[in-house]
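Novice: attaching a predicted model along with its sequence, questions to come.
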Amino acid sequence: MSSFRKALKSQQRNHHERSQPGFRKTLGLLEKKKDYKLRADDYHKKQNTLAALRKKALEKNPDEFYFKMINSKLEASLSILIARLDGVHVMKKPKEEVEVTEEQKKVMRTQDIRYVEMKRVAEAKLALPLNLIYFQKIERLKGELHLLDAESKPKNKHTFFVDSKKEVQKFDLASHLDTAPELVDRVYNRPTLKTLETKSIQGAVEPRRIKSLARQRKHQYTILSQRIDREKKMFVISQKIQTRKDLQDKTKKVKVKKETPNAAAIYKFEAKRKR
């Protein structure tokens, strides 16, 4: 029986859905019931949503308050403004002190921490646990400018020992060092009286030459201060980059001190037991 049914179907005409009439070709394909069903379901879904919103608006309590009402704002893109639609609610960012300057952001986006560390070490000094090693540029400038005799005098002291308290009261530093009283405060290259009598003073004597040396000295001090400032900025940037890398760890952490333009944020990480 089934074979007879199959043989009978082979002689039937193929079913073709009705197409759009010729005079309506410009309107596209002829809409079928399944197309209408999709369109109708979408329409009714939107109408039900609007009805629910109207009901919610009618039943709204005028004294109702949520913190999100004051902590959010509307943001609209250009396409939304053109279509004259409402924007999207976005949480407001808290107004705090500028944590990172624009210059620091630019360097942190474009440079790696290794490059920043390399530049910082090239500009300044590297502190070791036992001693400080001054690197080439700043060390050379400090050596040329004789900073030992600058306003910031070193903390070390030169102690002289005597036998009695009377000698302490009569103690004369200039005579003890055998130098002129004007040179007592000089901590380097302090000539004796004999040297001053026998040796001729070497140095610039002409006023023009003295002014030229003074300008050169001032220029060198300016370069030195700029290098020290750059080293400090590079150190802050490297610390902030390292902090951002450490924050990628999934370990539980608590912020101890917030970030400032001159210092990175400080976090306390939960201690993990090493297996």
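Specialist: Structure received.
Novice: let me know the helix or strand that Asp42 is in.
Specialist: helix 33-58 (DSSP states H and E).
Novice: got it, and Lys218?
Specialist: Per DSSP H and E: helix 207-246 holds Lys218.
Novice: show the subsequent helix or strand relative to that helix.
Specialist: According to DSSP H and E, the helix or strand after helix 207-246 is strand 253-257.
Novice: which other residues reach that following strand?
Specialist: With Cβ atoms under 8 Å, 6 or more residues apart in numbering as the test, strand 253-257 has contacts from Leu247, Ala263, Ala265, Ile266, Tyr267, Lys268, Phe269, Glu270. Where you see a C-beta, it was placed from the backbone N, CA and C, and this is true even at glycine.
Novice: give me the neighbour count for the second one.
Specialist: Ala263 has 14 neighbouring residues, counting by other Cβ atoms under 10 Å.
Novice: one more: the last one?
Specialist: Around Glu270 sit 8 other residues, with neighbours defined as other Cβ under 10 Å.
Novice: any idea which helix or strand of this protein has the worst average confidence?
Specialist: The weakest-scoring helix or strand in the chain, judged by mean pLDDT, DSSP states H and E, is strand 132-134 (a mean of 38).
Novice: only alpha carbons, please: show stretch 60-73 as CSV.
Specialist: Only the C-alpha atoms of stretch 60-73 are listed here, as CSV (Å, rounded to 0.1, in the frame of the first residue of the first chain):
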residue,chain,number,x,y,z
LYS,A,60,4.9,55.0,41.5
ASN,A,61,5.4,56.3,45.0
PRO,A,62,6.4,60.0,44.9
ASP,A,63,8.5,59.6,48.0
GLU,A,64,10.4,56.6,46.7
PHE,A,65,14.2,57.1,46.7
TYR,A,66,17.2,55.1,45.5
PHE,A,67,20.8,56.2,45.7
LYS,A,68,21.2,55.3,42.0
MET,A,69,19.0,58.3,41.2
ILE,A,70,21.7,60.6,42.3
ASN,A,71,24.7,58.4,41.5
SER,A,72,23.9,57.9,37.8
LYS,A,73,23.6,60.1,34.8
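Novice: avg pLDDT for it?
Specialist: Mean pLDDT, computed over stretch 60-73, is 85.
Novice: max pairwise distance over the contacts of strand 253-257: which two?
Specialist: Pairwise distances across these peak at 22.8 Å for Ala263 and Glu270 (criterion: Cβ to Cβ).
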